[in-house]
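# My questions concern the predicted model and sequence given below.
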Amino acid sequence: MLPKSQRLNLKKDFKWVVAGQKLESKYLKLFFKRGDNQTPRVGIAGSSKTFKKATERNRARRLTSKAFESIYSELPKNINIVALPKAGITSVKSDLVLLDLESTLKNAKIID
């Protein structure tokens, strides 16, 4: 899990980022917005509507978090991202989630 300084923590921060641009990939729905922060910040939210059991929500959050940890150093310093895992994420390995996230961010020209 990313350290607290690298995460979005407040509800108002999540709402602010969700008002920005949106990207969709196979396993994630991403919202991003550039701000005046010095480090990239990432927030992950899994809904109980999508994942009925807490164990599924936790697995989705862990898979998403691990993918962001792997590419964190490549993110631009002023970006804020909210990631919403989709239902199919719990049945795949973390490598596929990472590849999906990387290709989505590269296509949007967020990372090189």
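Yep, it's here. Numbers count the residues shown, from 1 in each chain.
# For the spatially most central residue of the chain, pull up the helix or strand it's in.
Residue closest to the average C-alpha location in the chain (C-alpha atoms, centre = their mean): Ala83, at 3.1 Å. Per DSSP states H and E: Ala83 is located in strand 79-85.
# State the distance from the residue lying closest to Ser103 once chain neighbours are set aside to Thr64.
Distances taken as C-beta to C-beta, 6 or more residues apart in numbering place Ser25 nearest to Ser103, at 7.4 Å, with adjacent residues excluded. Backbone N, C-alpha and C define where each C-beta goes, glycine included. Distance of Ser25 to Thr64, given as C-beta to C-beta, to the nearest Å: 11 Å.
# what residues are shared contacts of these two?
Residues touching both Ser25 and Thr64 by C-beta atoms under 8 Å, 6 or more residues apart in numbering: Leu101.
# Settle it for me: which of these two has more neighbours?
Thr64 (25 against 19; other C-beta atoms under 10 Å).
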